[in-house]
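Asks: Provided below are the primary sequence and the corresponding predicted coordinates.
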Amino acid sequence: TQLLEQSPQFLSIQEGENLTVYCNSSSVFSSLQWYRQEPGEGPVLLVTVVTGGEVKKLKRLTFQFGDARKDSSLHITAAQPGDTGLYLCAGEGASNDYKLSFGAGTTVTVRA
Amino acid sequence: NAGVTQTPKFQVLKTGQSMTLQCAQDMNHEYMSWYRQDPGMGLRLIHYSVGAGITDQGEVPNGYNVSRSTTEDFPLRLLSAAPSQTSVYFCASSPSVTGGTEAFFGQGTRLTVV
């Protein structure tokens, strides 16, 4: 099992503030995915990053894959209450074995 | 398009009982998997399948069985329920077994074993 550590575990901010969530591992991943999960629902994919150093933007969300493909970050600019949820990172091993290893998640609360 | 459908949504079992959690997808996906989600531990892979007739164990397979007789269905069987199996269970499917593909999740089954 390839361990993915997410930090922080909990994050509570005011609407309009920025936030960053980190996903770190000692293992190399062939790809890394970010999901958001709302209460009572299954996770929904936000983005997949594949290339080391890759940066992807999704409206106010910016995702970065580390150069060594061992870490990733999610940055939200001007957070809104609709961004509230559990953010999960998931990595696929470098052997392309199609099995995802999930981090424990970061619970983000954006207060109006 | 229903996506991934899990039933039931909630279930309470007594210790020692058996049951089957159902999962069906209508997207013709090759890859299906079962996860359990516990507080502070993320999603842990129980079993997975790369196609009809093929299954394999994930990270936490003990106490669970699976089968994949069709592309659409991937049921998870609890053989003799234990309180440690109290969790939220998610079924997921992906279009292919190659990397970088999106996992589509069902809404989950919240299981309590008393």
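Replies: Happy to help now that I have it. The shown structure was predicted, so the numbers you read here are calculated from the model rather than taken from an experiment.

Asks: every contact and neighbour count from this point should use C-alpha atoms.
Replies: Noted.

Asks: what count of nearby residues applies to residue A:112?
Replies: Residue A:112 is flanked by 11 other residues according to other CA atoms under 10 Å in any protein chain shown.

Asks: that one contacts residue A:15, correct?
Replies: Yes. Between residue A:112 and residue A:15 there is a contact under CA atoms under 8 Å: 5.3 Å.

Asks: which neighbours do these two share?
Replies: In terms of CA atoms under 8 Å, 6 or more residues apart in numbering or on different chains, residue A:112 and residue A:15 are both contacted by the residues A:80, A:81.

Asks: what stretches of chain A score poorly on pLDDT?
Replies: A:1-2, A:94-98 (pLDDT under 70).

Asks: same question for chain B.
Replies: B:1, B:97-100.

Asks: and with 90 instead?
Replies: Chain B contains residues with pLDDT under 90 at B:1-2, B:39-42, B:50, B:95-102.

Asks: please name the bridge partners of the residue nearest the centre of it.
Replies: Note on chain B: the residue nearest the mean C-alpha position is residue B:34, at 2.8 Å, using CA atoms, centre = their mean. Beta-bridge pairing for residue B:34 (DSSP bridges): residue B:47, residue B:91.

Asks: can I assume it is in contact with residue B:91?
Replies: Yes. Residue B:34 is within contact range of residue B:91, at 4.6 Å (criterion: CA under 8 Å).

Asks: any idea how many residues pack against the closest residue in space to residue A:28 that isn't next to it in sequence?
Replies: Excluding its sequence neighbours, the residue lying closest to residue A:28 (CA to CA, 6 or more residues apart in numbering or on different chains) is residue A:70, at 4.8 Å. Each residue near residue A:70 was counted by other CA under 10 Å, and the total is 20.

Asks: returning to what we had before: state the distance from the residue nearest to the centre of chain B to residue A:81.
Replies: Residue B:34 sits 31 Å away from residue A:81, going by CA to CA, to the nearest Å.

Asks: what about stretch A:67-77, distance to the chain center?
Replies: Centroid displacement of stretch A:67-77 relative to its chain, using CA atoms, centre = their mean, to the nearest Å, is 7 Å.
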